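Asker: After the sequence you'll find the predicted model.
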Amino acid sequence: MATEAPALTVAEASLRYDRFQALNAVSFSARRGELVTLLGPSGCGKTTLLRAIAGFIPLDSGRIEIDGRDMAGLSPERRDTAMCFQSYALFPHLTVADNIGFGLRQKRLSSAEIADRVSAVAAQVRLSAQLERLPAQLSGGQQQRVALARAMAVRPGVMLFDEPLSNLDAKLRDQVRAEIRALQRAQGFTAVYVTHDQAEALAMSDLVVVMRAGVVEQMGTPEDIYRRPANRFVADFIGTANILAGRVMDTDKANGLYRVETPMGMATVRAEAPPVASHVYLCWRPEDARILSSTEGEVAAENVYRLQVRSRTYLGNLVDLEVGRIDGEGETWRIQTHGTSAVMQGETVAIEIAPERFRFLSEAVT
Amino acid sequence: MASPFPRAERWRNRLLILLALVVFFLALGLPFAMAVLWSLVDPSHPWAYPNVLPPVLSFRRWVEIWTTSGLQQALVNSYMVATTVAVSAILLALPTAYAFGRLEFRGKAVAQMLTLLPLAMPLFVLAMFYVAVLSRLGIYSRFLGIAIGHTFYFLPYAIRLLTVSFSGVRQDLIDAARDLGASRLTVFRHAYLPVLKPGLLAALIIVFILSIEEFAISYLVGAPDFTTVPTILFSYLGYNFIRPSAAAVSLILVVPNVLLMLIAERLLKSTGASAGSGKG
């Protein structure tokens, strides 16, 4: 057992609305100073869980602990959490300073201490010059930072973020994302961050909890989730994945090598753990394929596939190719290669996928 | 061309605006001007055919009405009743408006329709039965009788206006305040009040005006010993019809109301603005 209680523990959290299971035995925990993202499509229960942690929604069963203290029956105003709302939820009639100081005033701190903390937090989010403005006089990015500052000011046990970047345009979103992460690291606050944007989750998190339909599909570091997806849903939801239904033909357990028959052809897969079944899904990422030069392609080596380019999309830094079997039948797969690649639609290319780039999913083909 | 409309359409729009102005003038401006003129006719120089304008203008009618009729008492009565009615209608409307504006429950649409039902009834019909109910209940105070009647009848307006205000309150602000540890009172002050305030004032003013102008209940319950401004006005239109006096009384009745109405209008506009300033 760890010596220190996790900053936040969610254990077997379940919640049912009428005929809709919003949360089904969801468990995870966050250590102090960790940023955990709840990632999933809309309706997966991530926002419900966040609101349950904040105390807005009571659970049917399960437990939520903050710093080892059971939160059951505690209303939002008595929980040591602070939320950054998607809509920012700034008080329109209060100045930036009064918004940031709102939580501190509820704690009945002295006005001198409130002023000190407000100016300190405002400096951290670069709003010192805007303290006397009203929210309506600020840009979207600035409003976002006020919301962040207001939550940070109360130094909560757990910070809760409800899709805080979804009202910002793409460029600002990247910038604010980096800022939040930098602040979180610098201040060392524990945070739960809800998003449906997998790029956001990968970039920010210490731990990613992937959810679907009220259930945790997979939990792990961003690298884990991306490199070792557990099932087709996670593989597909995080980044782009080519998923193959495979049949394990031959096993070399000593070296962790497996011969698998796939719709692309025979594949040699290197895996630490054996597949869960003989008929199993495996996946590879678009960047895992290496396009071979014509001379390399002639050599009939292991894991080399000759495929036809069905379509080509130029993305600037990258070229996205949709490839399929040469006979024009069956499914297609996605490959990403350098923006300088001259491969054209209709051409045949030889690609190589290294054995360790294939991953078995823990999901049998049924 | 800067204008978004083609030439023909622009002319049509101008024509329509002109027409609207003419109708407005005929329907409101002209009677108002006539009332002003009539109230200023000097009693010893009657305004009659073929004079286009009154031959002599004076404030003698105004002085006469003010000093000899029961208008002063009627004004006191009217404003006392209206203030009582406005405050009690708002207080009674608040819980219902909260439920309509903030809660979801079965039968909400039906309930909302039912609260508007009194407005579909002719006031005189209602007033007749209302008088009978009052005597059955043993409420013999004229003031109380009129005030209760007005409160009941104008409650739907208050409910309606405040429902809109309550539904403009942002849930995320309520949540944010609670999340930061605010007490109920603080939540009300920072999440509800800024949005409710203009609506509350507007509802107060509108119910106040409606009560001051109401005649049927005031007359049937109050006459003859409890007079309000509209009942005085009616007395000038009836048996001893004196047009200049009636004109003066109607101006006394209408002018403050128009000013109050303009204030209410401004307040209601500002509600819309504050409710709309959600996301940046």
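Answerer: Looks like it came in fine.
Asker: drop to CA atoms for contacts and neighbour counts, all remaining ones
Answerer: Noted.
Asker: Quickly list the domain ranges of chain A.
Answerer: Domain ranges of chain A: A:8-234, A:240-364, per automatic domain parsing.
Asker: ok now the longest one, how far from the chain's centre?
Answerer: Centroid separation for domain A:8-234 versus its chain: 14 Å, with C-alpha atoms, centre = their mean, to the nearest Å.
Asker: okay, now the residue of the stretch 251-366 of chain A found nearest chain B: neighbour count?
Answerer: Across the stretch 251-366 of chain A, the shortest distance to chain B (C-alpha to the nearest C-alpha) belongs to residue A:315, at 31.3 Å. By other C-alpha atoms under 10 Å in any protein chain shown, the residues close to residue A:315 number 11.
Asker: So it is in contact with residue A:339, correct?
Answerer: Yes: the criterion here is C-alpha atoms under 8 Å, and residue A:315 meets it with residue A:339 at 7.2 Å.
Asker: list the buried ones in the host helix or strand of residue B:36?
Answerer: If you go by DSSP states H and E, residue B:36 is part of helix B:30-39. Within helix B:30-39, the residues scored as buried using 16 or more other C-alpha atoms under 10 Å in any protein chain shown are B:32, B:35-39.
Asker: Not counting that helix itself, show me its contacts.
Answerer: B:54, B:59, B:61-62, B:243-248, B:250-251 (C-alpha atoms under 8 Å, 6 or more residues apart in numbering or on different chains).
Asker: right, and out of those, which lies closest to chain A?
Answerer: The nearest member of the contacts of helix B:30-39 to chain A, counting by C-alpha to the nearest C-alpha, is residue B:251 at 39.4 Å.
Asker: Contacts only, for that closest one.
Answerer: With C-alpha under 8 Å, 6+ apart, residue B:251 has these contacts: B:35-36.
Asker: can you confirm it is in a strand?
Answerer: No: counting by DSSP: H, G, I helix; E, B strand; the rest coil, residue B:251 is not part of a strand but helix.
Asker: Need the pLDDT of it.
Answerer: Reported pLDDT at residue B:251 in the predicted model: 86.
Asker: Residue A:265 now?
Answerer: With respect to pLDDT, residue A:265 has a value of 89.
Asker: Quick check: phi and psi at it.
Answerer: Backbone dihedrals for residue A:265, given as degrees, to the nearest 10, come out at phi 140, psi -170.
Asker: pLDDT value on the nearest residue to it once chain neighbours are set aside, please?
Answerer: Closest residue to residue A:265 apart from its sequence neighbours, by C-alpha to C-alpha, 6 or more residues apart in numbering or on different chains: residue A:305 at 7.2 Å. pLDDT, residue A:305: 91.
Asker: these two touch, right, residue A:167 and residue A:86?
Answerer: Yes: using C-alpha under 8 Å, residue A:167 makes contact with residue A:86 at a distance of 7.4 Å.
Asker: Identify the residue nearest the residue of the stretch 51-200 of chain A found nearest chain B in space, chain neighbours excluded?
Answerer: Here the stretch 51-200 of chain A gets closest to chain B at one residue, residue A:77, 3.8 Å apart by C-alpha to the nearest C-alpha. Nearest residue to residue A:77 in three dimensions, chain neighbours excluded: residue B:181, at 3.8 Å (C-alpha to C-alpha, 6+ apart).
Asker: Could I get the contacting residues of that neighbour?
Answerer: Applying C-alpha under 8 Å, 6+ apart to residue B:181 gives the contacts A:76-78, A:103, A:106-107.
Asker: just checking, it is part of a strand?
Answerer: No: using three-state DSSP, the assignment for residue B:181 is coil, not a strand.
Asker: Which strand or helix spans residue 97?
Answerer: Picked chain A for this. Per DSSP H and E: residue A:97 is located in helix A:96-100.
Asker: was after chain B, sorry
Answerer: Per DSSP H and E: residue B:97 is located in helix B:71-102.
Asker: Which strands or helices does that helix pack on?
Answerer: When contacts are defined as 3 or more C-alpha pairs under 8 Å, 6 or more residues apart in numbering or on different chains; DSSP states H and E, helix B:71-102 sits against helix B:142-167, helix B:193-213, helix B:229-237.
Asker: Show me what the longest one is packed up against.
Answerer: If contacts are counted by 3+ C-alpha pairs under 8 Å, 6+ apart, helix B:142-167 sits against helix B:71-102, helix B:123-137, helix B:193-213, helix B:216-222.
Asker: so how far is the first one from its chain's centroid?
Answerer: Chain-centre distance of helix B:71-102: 11 Å, with C-alpha atoms, centre = their mean.
Asker: what's the answer for the second one, then?
Answerer: With C-alpha atoms, centre = their mean as the basis, helix B:123-137 stands 22 Å off its chain's centre.
Asker: Report the inter-axis angle for that helix versus helix B:142-167.
Answerer: With axes from the mean of the first three to the mean of the last three C-alpha atoms, to 10 degrees defining the directions, helix B:123-137 sits at 120 degrees from helix B:142-167.
Asker: Let me know the average pLDDT across helix B:123-137.
Answerer: Helix B:123-137 comes out with an average pLDDT of 89.
Asker: Can you tell me what sits against it?
Answerer: With C-alpha under 8 Å, 6+ apart as the test, helix B:123-137 has contacts from B:140, B:145, B:149, B:216-217, B:220-221.
Asker: for the residues you listed, which one is nearest residue A:258?
Answerer: residue B:149 (88.5 Å; C-alpha to C-alpha).
Asker: how near is the closest residue to the closest one other than its chain neighbours to residue B:109?
Answerer: Nearest non-adjacent residue to residue B:149, counting by C-alpha to C-alpha, 6+ apart: residue B:217, 6.8 Å away. Note on residue B:217: its distance to residue B:109, by C-alpha to C-alpha, to the nearest Å, is 29 Å.
Asker: Which one of those two is surrounded by more residues?
Answerer: Between residue B:217 and residue B:109, residue B:217 has the larger neighbour count (other C-alpha under 10 Å), namely 25 against 11.
Asker: OK, contacts around residue B:182?
Answerer: The neighbours of residue B:182, taking C-alpha under 8 Å, 6+ apart as the test, are A:77, A:103, A:106.
Asker: Now do the phi/psi pair for it.
Answerer: Torsion angles, degrees, to the nearest 10, at residue B:182: phi -70, psi 140.
Asker: Could you do residue A:215 as well?
Answerer: Note on residue A:215: its backbone torsions stand at phi -120, psi 140 [degrees, to the nearest 10].
Asker: what's the answer for residue A:321, then?
Answerer: Phi and psi for residue A:321, reported as degrees, to the nearest 10, are phi -110, psi 140.
Asker: does residue A:249 count as helix, strand or coil?
Answerer: strand.
Asker: Right, I'll call it a day here.
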